[in-house]
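Novice: okay, sequence plus prediction incoming.
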Amino acid sequence: MQPSYDFALAIPTLNEAENLPFLLKRLETPLLAVPGNSEILIVDDDSHDGTAEIIAEYSSSHPNLRLLVRQGRSGLAGAVLYGWQQTQATTLGVMDADLQHPPELLPVLVEKVREGADIAIASRYAEKRPVNGLSAGRYAVSRLGTLVCMPLQKSGLQVRDPLSGFFVLRRKCIDGIALHPEGFKLLLEILVRGNIKTAVEVPFEFGTRLRGKSKAGLNAAVEYFSLLRKLSKDTFWRTRKSA
């Protein structure tokens, strides 16, 4: 029987063994600052780069760390959702494994939720300043992707960075909602389809990938526009019902 945790952090991985020792070390102090008990869920899409061995060694002295392996499946959103399904924690979080998301921000995000927000988002665009860690091309694509999804967001609940991959939310905001496991932009769907009434954005400095290669590519773009199409239909019917 798994221990009871108040906060669960899902970290999706695919061939991120080079980054994991650095990430896990940096997570130690921030998680101590999070009220209650916290667990780390490494949700791995069957990597063969030593990920399992690294987690096994680290978890021997850190029982709040679990490795969840998905075989025959892929995709960041699906990995995160699978991780959240394996815990009873009432507060859920997600971040990347490549250290572009600073672990030190986690206590702030959790505290915003504890203070009353339904979701707290680490935002690259909450402040009008250059975003480090992205090439000019990726920055342009990111901004375009953000702009095209703005009409889908709920009135009065529009955030500047709906494509962030670093956020914390209340479990009850997504209970009973069948979220799409495909793609990389889980936050957008949660904002559109979840029971979210209040959202807080916390600015952060987007870092550069420590080691390894990014998983973003053409397939990610195709999946994103597929998600936009699905959410557009949902938004249309929601608007019709409320009219």
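Specialist: Perfect, thanks for sending it. Given the structure is predicted, the values throughout are model-derived calculations rather than measurements.
Novice: which parts of this protein are strands?
Specialist: For the chain, the strands defined by DSSP state E cover 7-13, 38-44, 65-69, 91-94, 119-123, 167-170, 199-203.
Novice: same list (those strands) but as CSV, adding distance to Leu76.
Specialist: For the C-beta atoms, the positions are set from N, CA and C on the backbone; glycine is no exception. Converted to CSV, the strands of the chain look like this (distance: least, CB to CB, whole Å):
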stretch, distance to Leu76
strand 7-13, 5
strand 38-44, 9
strand 65-69, 14
strand 91-94, 9
strand 119-123, 16
strand 167-170, 13
strand 199-203, 20
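Novice: tell me which of the ones you listed sits nearest to Ser226.
Specialist: strand 7-13 (18.9 Å; CB to CB).
Novice: parallel or antiparallel, list what pairs with the closest one.
Specialist: Partners of strand 7-13 in the sheet, by DSSP bridges, are strand 38-44 (parallel), strand 91-94 (parallel).
Novice: make TSV out of the ones you listed and add mean pLDDT, mean neighbour count and distance to Ser59.
Specialist: Shown next, in TSV, are these (pLDDT from 0 to 100; neighbours: other CB atoms under 10 Å; distance: least, CB to CB, whole Å):
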stretch	mean pLDDT	mean neighbour count	distance to Ser59
strand 38-44	97	25	9
strand 91-94	98	25	19
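Novice: so which of the ones you listed comes closest to Ala178?
Specialist: Among the strands paired with strand 7-13, the nearest to Ala178 by CB to CB is strand 91-94 (16.3 Å).
Novice: if the nearest residue to Phe204 once chain neighbours are set aside is in a bridge, with which residues?
Specialist: Closest residue to Phe204 apart from its sequence neighbours, by CB to CB, 6 or more residues apart in numbering: Ala122 at 4.7 Å. Note on Ala122: beta-bridge partners by DSSP bridges are Val202.
Novice: next one: Ile40
Specialist: Bridge pairing for Ile40 - DSSP bridges - gives Leu9, Leu65.
Novice: how about residues contacting stretch 176-183?
Specialist: Stretch 176-183 is contacted from outside by 73, 75-78, 81-82, 186, 189-190, 193-195, 220, 223-224, 226-227, 230, using CB atoms under 8 Å, 6 or more residues apart in numbering.
Novice: tell me the buried residues in it?
Specialist: Under the neighbour-count criterion of 16 or more other CB atoms under 10 Å, stretch 176-183 has 179-183 buried.
Novice: can you put the strands paired with strand 7-13 in a markdown table and add distance to Pro162?
Specialist: Shown next, in a markdown table, are the strands paired with strand 7-13 (distance: least, CB to CB, whole Å):
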| stretch | distance to Pro162 |
| --- | --- |
| strand 38-44 | 22 |
| strand 91-94 | 14 |
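Novice: of the ones you listed, which is nearest Val159?
Specialist: Proximity to Val159 (CB to CB) singles out strand 91-94 among the strands paired with strand 7-13, at 15.6 Å.
Novice: perfect, that will be all.
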